[in-house]
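> what follows is a predicted structure for the sequence shown.
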Amino acid sequence: MKKKAIIMDQQALNRAITRTSHEILENNKGIDGVTLIGIRRRGVPLAHRLAEKIESIEGQAPLIGELDITLYRDDLSTIAKLPVLNGTKIDFDINDKTIVLVDDVLYTGRTVRAALDALLDLGRPKAIQLMILVDRGHRELPIRADYVGKNVPTSKKEIIEVHVTEIDGEDSVIICEE
Ligand SMILES: O=P(O)(O)OC[C@H]1O[C@H](OP(=O)(O)OP(=O)(O)O)[C@H](O)[C@@H]1O
Ligand SMILES: O=c1cc[nH]c(=O)[nH]1
């Protein structure tokens, strides 16, 4: 994979978090009953950043959970023989909550579909919304994001790499090509 271009630096990523935090608040008329659930791995630090920003704007922090969707991917058989659901941490009742799912990249939509399955096994939320840092197109399922950090038109040969300080030591979004 050759690095082609940096499409978001730390400042751009921060601005996207700030804007989408405002959009989440505006759309839900505040944060009462709203929870953020990050999809592992990089959706989790992004959910924490949104929660911090929302708290700084609203004076109230939303509850945060983490979802590991390994068991629910529809390409599971190609990933591992004995997969384990090892990282789901949702310490609150999701019934009747508005859940904002958070992930770094939206591509085919299969990860989000799996996340919806995983969540609906845990209860009956009032609504589920989707925040994505980078929407690169090429959907294979009828899924769209409610809040988008940046739309990046891509070819299928390209790859979007999201780096976050908490996991990768820096904040950046890079487009790579074969
Ligand atoms: O819309 P999709 O086609 O499902 O692609 C999007 C997913 O792909 C990436 O995860 P990946 O499975 O590559 O693992 P990673 O999180 O370890 O990078 C990314 O973090 C999204 O969760
Ligand atoms: O380009 C892509 C596609 C799926 N997941 C990623 O992280 N990047």
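That came in fine, so what should we check first? Ligands and ions are numbered 1, 2, ... in the order given.
> for the longest helix anywhere in the chain, give the mean pLDDT please.
Ranked by number of residues, the top helix in the chain under DSSP state H is helix 10-28. Taken as a whole, helix 10-28 carries a mean pLDDT of 98.
> list the buried ones in it?
For helix 10-28, a neighbour-count test (16 or more other CB atoms under 10 Å) marks 12-13, 16-17, 20-21, 24-25, 28 as buried. C-betas here are computed from N, CA, C, even on glycine.
> check what pLDDT the residue nearest the centre of the chain gets.
The centroid of the chain falls nearest to residue 103 when counting by CA atoms, centre = their mean (1.4 Å). pLDDT, residue 103: 98.
> pretty sure it sits against residue 111.
Yes. Residue 103 is within contact range of residue 111, at 6.5 Å (criterion: CB atoms under 8 Å).
> which neighbours do the two share?
Counting by CB atoms under 8 Å, 6 or more residues apart in numbering, the contacts common to residue 103 and residue 111 are residue 39.
> wait, a helix at residue 47?
Yes. Using DSSP: H, G, I helix; E, B strand; the rest coil, the assignment for residue 47 is a helix.
> that one: what's it in contact with?
With contact set as CB under 8 Å, 6+ apart, residue 47 has these partners: 36-38, 64, 66, 100, 102.
> helices of this structure, residue ranges please.
Using DSSP H, the helices of the chain run over residues 10-28, 43-58, 110-120, 165-168.
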